[in-house]
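Asks: structure for the following, please:
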Amino acid sequence: MTRLPQIRNPLLRQELPWLISEGVLLIILFNSNPPELWFWLVVLLVILGYRVERWLSSRPS
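Replies: Alright, predicted model coming up:
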């Protein structure tokens with residue numbers, strides 16, 4: 001039985017769910033029809049905006 005390797009980098013372990021969700025949203029965005037394209041684009045932009053805001057607020061002054 002094979003085991004998946006453990007992620008030792010704590011930053012990568014913390015960011016991996018976000019990266020996976022953004023990748024899934026990009027796949028959905030590329031396969032969506034024009035009416036729902038705008039919805040998924042807004043969802044992706046909100047998630048990216050949230051992450052940028054969190055990154056800016058976590059930086060040392």
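Asks: hey, let's count contacts and neighbours off CA atoms from now on
Replies: Fine.
Asks: can you spell out which helices and strands pack onto the host helix or strand of Leu11?
Replies: According to DSSP states H and E, Leu11 maps onto helix 10-31. Identification of packing neighbours for helix 10-31 by 3 or more CA pairs under 8 Å, 6 or more residues apart in numbering; DSSP states H and E yields helix 34-58.
Asks: chain center to the helix it packs on: distance?
Replies: 9 Å (CA atoms, centre = their mean, to the nearest Å).
Asks: rounded mean pLDDT for it, please.
Replies: Averaging pLDDT along helix 34-58 gives 87.
Asks: ditto for stretch 5-24
Replies: 81.
Asks: where's the closest residue to Glu22 other than its chain neighbours relative to Pro60, distance?
Replies: Spatial nearest neighbour of Glu22, excluding adjacent residues (CA to CA, 6 or more residues apart in numbering): Leu44 at 7.0 Å. The gap separating Leu44 from Pro60 is 27 Å, by CA to CA, to the nearest Å.
Asks: tell me which of the two has more neighbours.
Replies: The neighbour count for Leu44 versus Pro60, taken as other CA atoms under 10 Å, is higher for Leu44 (19 against 5).
Asks: contacting residues for Val46?
Replies: Under the criterion of CA atoms under 8 Å, 6 or more residues apart in numbering, Val46 has no neighbours.
Asks: what does Arg13 give?
Replies: Neighbouring residues of Arg13 by CA under 8 Å, 6+ apart: Ile7.
Asks: do Trp40 as well
Replies: If you count contacts by CA under 8 Å, 6+ apart, then Trp40 has 25, 28-29 around it.
Asks: same thing with Pro17?
Replies: Here Pro17 is in contact with no residue (CA under 8 Å, 6+ apart).
Asks: before we move on, back to that, I'd like the contacts of Trp40 laid out as TSV, including distance to Leu11.
Replies: Shown next, in TSV, are the contacts of Trp40 (distance: CA to CA, whole Å):
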residue	distance to Leu11
Leu25	21
Ile28	26
Leu29	27
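Asks: could those be laid out in a markdown table, adding neighbour count and distance to Arg51?
Replies: Shown next, in a markdown table, are those (neighbours: other CA atoms under 10 Å; distance: CA to CA, whole Å):
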| residue | neighbour count | distance to Arg51 |
| --- | --- | --- |
| Leu25 | 17 | 15 |
| Ile28 | 15 | 20 |
| Leu29 | 19 | 19 |
